[in-house]
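>>> need a 3D model of the following:
(one chain, ligands or ions: 1)
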Amino acid sequence: MTSKMWGGRFAAGPSAIMEEINTSVGFDQRLAKQDVRGSRAHCSMLVAQGIISKADGEAIQGGLTRIEKDIASGAFVFKRSLEDVHMNIESRLSDLIGEPAGRLHTARSRNDQVATDFRMWVRAAIDTVDDEIKKLQGALIDKAEAEAGTIMPGFTHLQAAQPVTFGHHLLAYVEMFGRDRGRFADARKRLNECPLGAGAIAGTSFPLDRHMSAASLDFDRPMANSMDAVSDRDFAIEFLAAASILSTHMSRFAEEMVIWASAQFGFIKFSDAFSTGSSMMPQKRNPDAAELVRAKAGRVFGSLFTLLTVMKGLPLTYSKDMQEDKEAVFAAFDTLELCLAAMTGMVVDLKPQAARMKASAGAGFTTATDLADWVTRKLNVPFRESHHVTGRIVKLAESKGCDLSELGLADMQTVEPRITADVFNVLTAEASAASRDSFGGTAPANVRAQVQSARERFLGNAK
Ligand code: ARG
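So this is what the prediction gives:
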């Protein structure tokens, strides 16, 4: 009767179910390198403190060297029955060197061990992500430099608002990605304390040198509280929070590219490498890569929510719930790497359609603010009143079916007789963009200066 109840692949009964739910080696083998490194540091410290003999220490290090090689070559066999990466490595060490292997776990628990491994893994992940964001920023900055003078409409409410330069638009994302890097760097600082030596929960009676193991694993210091050390996963949550905000930025940019690439906008063309054809409609060129980056933000948010939910309400200290932390972080990291690479590729390849952008920049009375500013400045009229005057001129242009720059002077003077021909200097999209040279504004000259500044601030060079 029981075997029927278990059914399916768990026909072998409770032990199979237990193994299936308990095992983590299928995913936590990604911590193998960190696990060996942590064990080496712990072993050296045990020897230095006279807790284990030099000879045992050497045997352990020798066994770990062999294991490291097998892990690197892929020859290491991970067994599900040994539950997790830590027990797999320890068991292999025991096969290789016998009795001394049993001394490695002196004054150590899997609780401080996994916390240490995972911190090192997330730390390396942050460094990789930082590097990849930097590459994306580099691609955006180069494009911005090339397109510093390319005029396009800027939008609010997705309604054409004022002419801007494409370079300026791209540099907006460089700033966002700069803040993302700041968030990761900030998380890294808080992460960089070492849990090793906290033991299972309360510390240990062995005379450890936690400062030594912390330093040899490149941590700034040992964590101050053993209970916090084994139960804290803030570092993983912070990684996922920063990853989520980064994904939001990538998703917004991806959405813009999808809009720009549509036939109706026609602002950019993607390379063949980052678009696909339709199997039925020959005219189509779909921005699949951008759409997928837009969508994949959902996975990263999902990881953040997974871990927040796992951790909320967990009593101190370690609970097995926390084993669920890793897949969320691994998945988010893999998604980020892919999306960052795709974004960088799309940016490098994309071809702005300058004529189309410019034509669109002047349409829809986008220089109305310039007209109002001109009236304010030249005729010394309060801005609120100029706004009103401009509104009437826009209406007139609308009724004539033309743009502001195409309206005759006589027509404008029917609304405000003091307007002179000088006004035409501000009514084209180019003049409008060029005039916005306040700090942080869109003028091509500004963009060129901002390109230099961004290179210094984000890429560490002036080129
Ligand atoms: N695989 C476990 C995890 O990732 C390691 C820690 C196990 N600790 C324990 N007390 N059972 O959380």
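
>>> in the stretch 251-400 of the chain, which spans are strands?
Remark: strands assigned in the stretch 251-400 of the chain by DSSP state E, counting those that start in this stretch are 268-269, 351-352.

>>> format those strands as CSV; extra columns: distance to the ligand and mean pLDDT.
(Each C-beta comes from the backbone N, C-alpha and C, glycine too.) Shown next, in CSV, are the strands of the stretch 251-400 of the chain (distance: least, Cβ to the nearest ligand atom, whole Å; pLDDT from 0 to 100):
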stretch, distance to the ligand, mean pLDDT
strand 268-269, 45, 95
strand 351-352, 48, 96
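
>>> columns mean neighbour count on top of these, output as TSV?
TSV is the format used below for the strands of the stretch 251-400 of the chain (neighbours: other Cβ atoms under 10 Å):
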stretch	mean neighbour count
strand 268-269	18
strand 351-352	14
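
>>> is it possible to get JSON lines of those that adds distance to residue 380?
Below are the strands of the stretch 251-400 of the chain laid out as JSON lines (distance: least, Cβ to Cβ, whole Å):
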{"stretch": "strand 268-269", "distance to residue 380": "42"}
{"stretch": "strand 351-352", "distance to residue 380": "40"}
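
>>> tell me the helix or strand right after the lengthiest helix in the chain.
Taking DSSP state H as the criterion, the chain has its longest helix at helix 110-146. Following helix 110-146 in sequence order, the next helix or strand is strand 151-156 (DSSP states H and E).

>>> what residues sit buried inside that following strand?
In terms of neighbour count (16 or more other Cβ atoms under 10 Å), strand 151-156 has its buried residues at 151-154.

>>> now do stretch 84-103
84-86, 88-90, 92-93, 96-97, 100-101, 103.

>>> go on, stretch 325-333?
In stretch 325-333, counting by 16+ other Cβ under 10 Å, buried: 325-333.

>>> and these as TSV, adding distance to the ligand?
Putting those into TSV (distance: Cβ to the nearest ligand atom, whole Å) gives the following:
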residue	distance to the ligand
325	7
326	6
327	10
328	12
329	12
330	12
331	16
332	17
333	17
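
>>> pick out the residue of the stretch 351-463 of the chain closest to the ligand.
residue 458 (35.9 Å; Cβ to the nearest ligand atom).

>>> now do the same contact list for that residue.
Residues in contact with residue 458 (Cβ atoms under 8 Å, 6 or more residues apart in numbering) are 134, 137, 141, 174, 177-178, 181.

>>> quick one: which of those has the most company?
When neighbours are counted by other Cβ atoms under 10 Å, residue 137 leads those with 26 neighbours.

>>> hang on, that one packs against residue 455?
No - assessed by Cβ atoms under 8 Å, residue 137 is found out of contact with residue 455, at 9.2 Å.

>>> what sits closest to residue 234 if chain neighbours are left out?
Spatial nearest neighbour of residue 234, excluding adjacent residues (Cβ to Cβ, 6 or more residues apart in numbering): residue 190 at 7.2 Å.

>>> output the below-cut-off pLDDT ranges for the protein.
Within the chain, the set of residues satisfying pLDDT under 70 comprises 1-11, 462-463.

>>> stretch 230-239: which residues count as buried?
230-233, 235-239.

>>> for the ligand, see how far away residue 235 is.
Distance, residue 235 to the ligand, using Cβ to the nearest ligand atom, to the nearest Å: 14 Å.

>>> the strands of the stretch 251-400 of the chain: which one's closest to residue 22?
For residue 22, the closest of those is strand 268-269, at 50.6 Å, according to Cβ to Cβ.

>>> what is the closest one packed up against?
Using 3 or more Cβ pairs under 8 Å, 6 or more residues apart in numbering; DSSP states H and E, the elements in contact with strand 268-269 are helix 234-261, strand 351-352.

>>> most packed of these?
helix 234-261 (a mean of 22; mean count of other Cβ atoms under 10 Å).

>>> for that helix, the distance to its chain's centre please.
6 Å (Cα atoms, centre = their mean, to the nearest Å).

>>> try stretch 291-303
11 Å.

>>> which stretches of the stretch 301-450 of the chain form helices?
325-349, 354-362, 368-379, 383-400, 409-415, 429-435, 444-454 (DSSP state H, counting those that start in this stretch).

>>> just to revisit the earlier point, out of the helices and strands packed on strand 268-269, flag the one nearest residue 390.
Set against residue 390 and scored by Cβ to Cβ, the helices and strands packed on strand 268-269 come closest in helix 234-261, at 28.0 Å.

>>> counting contacts, what elements does the closest one pack onto?
Applying 3+ Cβ pairs under 8 Å, 6+ apart, one finds that helix 234-261 contacts helix 110-146, helix 166-191, strand 268-269, helix 288-311, helix 325-349.

>>> got a markdown table for the ones you listed, with distance to residue 280 too?
As requested, the helices and strands packed on helix 234-261 are exported to a markdown table (distance: least, Cβ to Cβ, whole Å):
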| stretch | distance to residue 280 |
| --- | --- |
| helix 110-146 | 33 |
| helix 166-191 | 33 |
| strand 268-269 | 22 |
| helix 288-311 | 15 |
| helix 325-349 | 25 |
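
>>> for those, which one sits closest to residue 388?
Across those, closest to residue 388 is helix 166-191 (Cβ to Cβ), at 29.4 Å.

>>> give me the angle between that closest one and helix 354-362.
On the basis of axes from the mean of the first three to the mean of the last three Cα atoms, to 10 degrees, helix 166-191 is oriented at 90 degrees to helix 354-362.
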